[in-house]
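[1] predicted structure and sequence below. I'll ask about it afterward.
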Amino acid sequence: MEGTREPVRHNESEAPPSVKVEFAFICDYADAGVKIAALGIGFDTIMAREVPVTHPHFHLVAQFRASVAETGEKELVIRLIDADGGDVMPAVTVKINVSPPPQGLTETVARLALGLNGVRFTKFGEYAIHVVLQGQEIIRIPLRVTRAPAAATSTPGT
């Protein structure tokens with residue numbers, strides 16, 4: 001499973017966002033407050049006996065670091081894309097608040113824990129969660145849906 005990524009530029013004429021990704025992962029459940037609490041961290045494979053399969057619930061978690069100049073509300077677009085480039089679900093737009101840093105510091109942290117419910121995967125293969133900020137991809141987390149071995153249970157997600 002992939003963690004923190006360097007920004008991937010979609011438009012070379014735009015400056016890369018100065019909001020940096022410290023880490024990102026998917027997990028079974030998470031809550032982001034002063035600290036991130038997460039369970040079932042870092043899975044990258046969903047096993048299923050057949051497709052389509054619906055995964056009942058998982059979370060996308062990320063922590064961002066930004067300079068004092070980047071304080072304010074930021075809009076993130078999250079897409080779950082299959083190997084053919086098609087959207088698995090409608091894009092989700094979320095806003096995170098980059099609060100001013102404490103006095104005497106020049107950087108601050110913002111956190112995201114986004115629950116994704118009832119995601120339906122129609123075929124076995126490669127998928128990826130993409131997070132876009134200011135028109136540029138800043139996170140890409142790969143995810144696979146594979147056929148479960150005959151002895152495995154039929155519960156989606158492992």
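    Arrived safely, thanks for sending.

[2] and the strands in the chain?
    Ranges of strands within the chain are 20-27, 29-32, 36-39, 45-48, 53-67, 72-82, 92-98, 107-121, 125-133, 136-147, based on DSSP state E.

[3] quick check: which ranges of this structure have low pLDDT?
    Low-confidence segments of the chain (pLDDT under 70): 1-17, 152-158.

[4] nearest residue to the most centrally placed residue in the chain in space, ignoring adjacent ones along the chain?
    Closest residue to the average C-alpha location of the chain: Leu60 at 4.1 Å, with Cα atoms, centre = their mean. Leaving aside its chain neighbours, Leu60 sits nearest to Leu114 (4.7 Å; criterion: Cβ to Cβ, 6 or more residues apart in numbering). Using the backbone N, CA and C atoms, a C-beta is placed for each residue, glycine as well.

[5] cool, and Val132?
    Val132 sits nearest to Val77 (Cβ to Cβ, 6+ apart), 4.4 Å away.

[6] for Phe25, same thing?
    Closest to Phe25 by Cβ to Cβ, 6+ apart is Gly42, at 5.1 Å.

[7] that neighbour contacts Ala24, doesn't it?
    No: under the criterion of Cβ atoms under 8 Å, Gly42 is not in contact with Ala24, lying 10.4 Å apart.

[8] of these two, who's got more company?
    Neighbour count, other Cβ atoms under 10 Å: between Gly42 and Ala24, Ala24 has more, with 22 against 13.
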